[in-house]
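>>> no sequence for this one, just the structure:
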């Protein structure tokens with residue numbers, strides 16, 4: 001491998017990109033997890049790029065994170081066209097329903113198809129920043145190569161059908177009409193990631209943490225893609241849906257969800273509601289704030305992203321909220337953040353009462 005400092009025009013052309021203009025922050029990506037082997041066809045230079053990113057190298061200016069992610073991603077989106085189906089098998093993307101838009105193809109003109117295609121790309125870019133190849137890890141091959149797949153405008157037994165979800169048995173996304181926002185898509189894809197890494201199970205608190213991780217990486221994807229999003233729309237889940245936000249990560253109590261463990265609005269039966277505890281913790285560790293007598297200075301986006309990825313890789317299948325508190329503190333230390341930063345993370349843990 002030619003040292004990065006010695007790369008010239010020839011090596012830059014070999015990387016296959018002439019895009020410029022991305023910020024140094026988006027090119028200098030730091031994480032310390034190994035890149036798994038990829039089984040479906042992919043150019044060697046993309047594998048090397050992702051491996052370098054995972055090791056914390058800054059790629060040459062001519063190569064952007066988005067370029068690497070686009071080269072790695074393989075997206076296939078299928079349109080169920082609002083035809084009522086009685087089971088998912090008939091609506092699987094690439095077998096039950098033919099592709100409406102494939103990787104590199106032009107916009108289809110179907111809003112939900114094109115939104116999901118773009119959201120798959122944005123989520124792939126977010127995970128590429130962490131050295132994680134989303135297509136390789138959670139994609140599925142239906143005879144045309146491993147791909148991230150989604151079926152949109154699904155009507156399952158009725159129409160309209162008001163749901164969107166990740167199917168672990170089919171390894172793909174399903175969307176009812178209009179439920180194709182970026183944060184929702186990234187949330188659901190993260191369920192696929194969690195199923196591969198921490199494997200958080202169905203024990204109640206583990207399920208709540210599972211939902212929270214999906215909210216967290218869904219919001220991280222939204223913020224990375226839309227850094228200038230108005231404050232009123234940040235740290236909300238589903239804010240771009242017709243019905244508006246269904247969770248407020250900065251202020252869970254505003255939607256009658258708990259911000260503290262077993263505090264007001266704690267459900268003990270609804271994992272989506274009790275995800276509010278982890279969501280508030282993510283907000284505090286990223287943005288900071290005063291809560292429950294604790295004044296926290298946030299880490300900022302880049303460090304918070306690395307911290308929560310380390311947490312994802314530390315938790316085990318039956319983790320509870322107390323274990324989440326220990327995991328985030330140990331992850332801060334493992335990432336060699338400063339003692340002051342880790343003290344603030346510990347304050348955030350104490351604020352949501354999981355210390």
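Done, it's in. Computed from a predicted model, the values in this text were never measured in an experiment.

>>> For the residue positioned nearest the centre of the chain, identify the helix or strand it belongs to.
The structure's the chain has its C-alpha centroid closest to residue 217; by CA atoms, centre = their mean the separation is 3.7 Å. In this assignment (DSSP states H and E), residue 217 forms part of helix 204-225.

>>> Residue 78 now?
Here residue 78, judged by DSSP H and E, is contained in strand 75-79.

>>> could you point out which element follows that strand?
strand 84-85.

>>> Quick one: list the elements packing against that following strand.
strand 155-156 (3 or more CB pairs under 8 Å, 6 or more residues apart in numbering; DSSP states H and E). For the C-beta atoms, the positions are set from N, CA and C on the backbone; glycine is no exception.

>>> Mind listing what's buried along stretch 229-243?
Going by neighbour count (16 or more other CB atoms under 10 Å), the buried part of stretch 229-243 is 234-241.

>>> Save those residues as CSV, and put in secondary structure, pLDDT and distance to residue 125 too.
Converted to CSV, the buried residues of stretch 229-243 look like this (DSSP: H, G, I helix; E, B strand; the rest coil; pLDDT from 0 to 100; distance: CB to CB, whole Å):
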residue, secondary structure, pLDDT, distance to residue 125
234, coil, 98, 19
235, coil, 99, 20
236, strand, 98, 21
237, strand, 98, 20
238, coil, 96, 21
239, coil, 97, 21
240, coil, 95, 19
241, coil, 96, 22
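
>>> Now flag whichever of the residues you listed is closest to residue 187.
residue 237 (6.8 Å; CB to CB).

>>> Run a quick check on that closest one versus residue 247, I expect a contact.
Yes: the pair formed by residue 237 and residue 247 meets the contact definition of CB atoms under 8 Å, at 4.1 Å.

>>> Next, show the common contact partners of the two.
Both residue 237 and residue 247 are contacted by residue 215, under the criterion CB atoms under 8 Å, 6 or more residues apart in numbering.

>>> where do the helices sit along the stretch 1-150 of the chain?
For the stretch 1-150 of the chain, the helices defined by DSSP state H, counting those that start in this stretch cover 9-14, 24-27, 44-55, 65-72, 111-128, 134-138.

>>> which helices and strands sit right next to the fifth one?
For helix 111-128, the helices and strands in contact under the criterion 3+ CB pairs under 8 Å, 6+ apart are helix 65-72, strand 75-79, strand 101-102, helix 134-138, strand 146-152, strand 172-175, helix 182-196, helix 204-225.

>>> related to what we said a few turns ago, and the helices of the stretch 1-150 of the chain, which one averages the lowest pLDDT?
The minimum mean pLDDT among the helices of the stretch 1-150 of the chain belongs to helix 9-14 (a mean of 29).

>>> which residues sit in contact with the residue nearest to the centre of the chain?
Neighbours of residue 217 in contact, by CB under 8 Å, 6+ apart: 126, 186-187, 190, 193, 308.

>>> quick one: which of these is nearest residue 289?
Nearest to residue 289 among these, with distances taken as CB to CB, is residue 308, at 17.0 Å.

>>> Who are the contact partners of that closest one?
Here residue 308 is in contact with 213, 216-217, 220, 282, 285, 328 (CB under 8 Å, 6+ apart).

>>> one more time with 10 Å, if that's ok
Neighbour list for residue 308: 130, 212-213, 216-217, 220, 278, 281-282, 285-286, 299, 328, 331 [criterion: CB atoms under 10 Å, 6 or more residues apart in numbering].

>>> cool, and residue 118?
75, 77, 107, 180, 182, 185, 225.

>>> PyMOL command for the buried members of these?
Selecting the buried subset of the contacts of residue 118 in PyMOL, with 16+ other CB under 10 Å as the burial test, is done by:
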select buried, resi 75+77+180+182+185+225
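
>>> and the contacts of residue 118 as JSON lines, adding distance to residue 84?
JSON lines is the format used below for those (distance: CB to CB, whole Å):
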{"residue": "75", "distance to residue 84": "26"}
{"residue": "77", "distance to residue 84": "20"}
{"residue": "107", "distance to residue 84": "27"}
{"residue": "180", "distance to residue 84": "19"}
{"residue": "182", "distance to residue 84": "27"}
{"residue": "185", "distance to residue 84": "23"}
{"residue": "225", "distance to residue 84": "33"}
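
>>> Just put the contacts of residue 118 in JSON lines and tack on pLDDT and distance to residue 324.
JSON lines is the format used below for the contacts of residue 118 (pLDDT from 0 to 100; distance: CB to CB, whole Å):
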{"residue": "75", "pLDDT": "98", "distance to residue 324": "32"}
{"residue": "77", "pLDDT": "99", "distance to residue 324": "34"}
{"residue": "107", "pLDDT": "98", "distance to residue 324": "41"}
{"residue": "180", "pLDDT": "98", "distance to residue 324": "30"}
{"residue": "182", "pLDDT": "98", "distance to residue 324": "25"}
{"residue": "185", "pLDDT": "98", "distance to residue 324": "24"}
{"residue": "225", "pLDDT": "97", "distance to residue 324": "26"}
